[in-house]
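Engineer: I'll drop the sequence and a predicted model, then ask my questions.
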Amino acid sequence: MSTFRSIVFASVIAGFIVGLIVTAVQQFGTVPLILRAEVYEKAAEHKHEASAPPQAILVHDHADNAHGAEAWEPKDGWERNLYTAGANILTGIGFALLLCGFFSVRSGATGEAISWHEGLMWGLAGFAVFTLAPGLGLPPELPGVPAAPLLSRQIWWTMAVLATSAGLGLIVFRRSAPAAIAGVVLIMLPHLIGAPELEHVETNVPSSLSHQFVVAVTLTSLVFWSLLGSLTSAAFAYFDRPASA
């Protein structure tokens with residue numbers, strides 16, 4: 001019971017702190033880029049409506065009225081930032097629970113407490129699994145940039161995450177040449193299959209803005225996982241001391 005309490009307490013504290021920090025980082029990185037892209041997206045929508053025939057405009061207006069209740073989104077400003085912070089905190093807590101589960105098994109097998117730098121390495125592994133590997137095939141997209149169907153992207157993303165985590169596990173924990181080769185093959189497999197993509201993409205969002213967004217998202221994720229691994233391991237080691245004793 002004390003180990004379970006350590007996992008919960010450490011995950012909530014680390015996830016809350018990291019979620020707030022990442023929310024602040026996003027205000028200077030990804031958020032301004034998203035707001036700029038939304039300007040291009042709305043301009044393209046107005047241009048499309050202006051060039052559409054009257055019958056199409058009537059059908060579009062009818063669809064908007066029919067689905068208006070489902071198209072709710074938070075207002076710009078404090079409301080949007082509040083929802084963003086809440087999502088980041090919940091994401092941080094969820095991944096911290098996953099890390100604490102690994103920390104619990106690891107410390108139970110070795111009989112030693114998890115250090116913060118070992119937690120940092122786990123965090124970097126999470127960055128490689130959940131951001132770096134999937135991002136090589138499916139980079140983050142700004143609003144107004146067309147993308148492949150959602151279901152196919154979700155399937156490929158899940159495949160990339162599972163293959164990368166399994167490959168890294170073989171390389172790090174098995175420590176043999178055949179396992180390392182199998183791990184590399186697993187990591188490369190989703191990229192050899194190829195991520196789903198559109199044959200032709202038309203968007204008025206500048207490519208330079210998309211490139212800046214990919215860099216900003218990647219760096220923000222690196223900060224997220226580095227802090228989450230370090231803080232979660234430190235918090236778990238602190239709360240798990242009575243159990244270890």
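Structural biologist: Happy to help now that I have it.
Engineer: mind listing what residue 132 touches?
Structural biologist: The contact partners of residue 132, by C-beta atoms under 8 Å, 6 or more residues apart in numbering, come to residue 218. C-beta coordinates here come from the backbone N, C-alpha and C atoms, glycine included.
Engineer: try it again with 7 Å
Structural biologist: Residue 132 makes contact with no residue, according to C-beta atoms under 7 Å, 6 or more residues apart in numbering.
Engineer: just residue 197 next, same as before
Structural biologist: residue 148.
Engineer: Name the spans of the chain whose pLDDT lies under the cut-off.
Structural biologist: Along the chain, segments meeting pLDDT under 70 span 1, 44-72, 242-245.
Engineer: Domain map for it?
Structural biologist: 3-141+205-239, 148-197 (automatic domain parsing).
Engineer: just to confirm, which helix or strand has residue 200 in it?
Structural biologist: Taking DSSP states H and E as the definition, residue 200 sits outside all helices and strands.
Engineer: Please identify the buried residues of stretch 77-85?
Structural biologist: 81, 84, 85 (16 or more other C-beta atoms under 10 Å).
Engineer: So which of those belong to helices?
Structural biologist: Using DSSP state H, the members of the buried residues of stretch 77-85 that fall in helices are 81, 84, 85.
Engineer: and which of those residues is nearest to residue 240?
Structural biologist: residue 85 (28.0 Å; C-beta to C-beta).
Engineer: isn't that closest one right up against residue 17?
Structural biologist: No: using C-beta atoms under 7 Å, residue 85 is not in contact with residue 17; the gap is 11.9 Å.
Engineer: before we move on, back to that, let me have the ones in helices among the buried residues of stretch 77-85 in a markdown table, extended by distance to residue 37.
Structural biologist: Listed next are those as a markdown table, based on distance: C-beta to C-beta, whole Å:
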| residue | distance to residue 37 |
| --- | --- |
| 81 | 17 |
| 84 | 16 |
| 85 | 21 |
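Engineer: out of these, who's nearest residue 191?
Structural biologist: Closest to residue 191, out of all of those and judged by C-beta to C-beta, is residue 84, at 30.5 Å.
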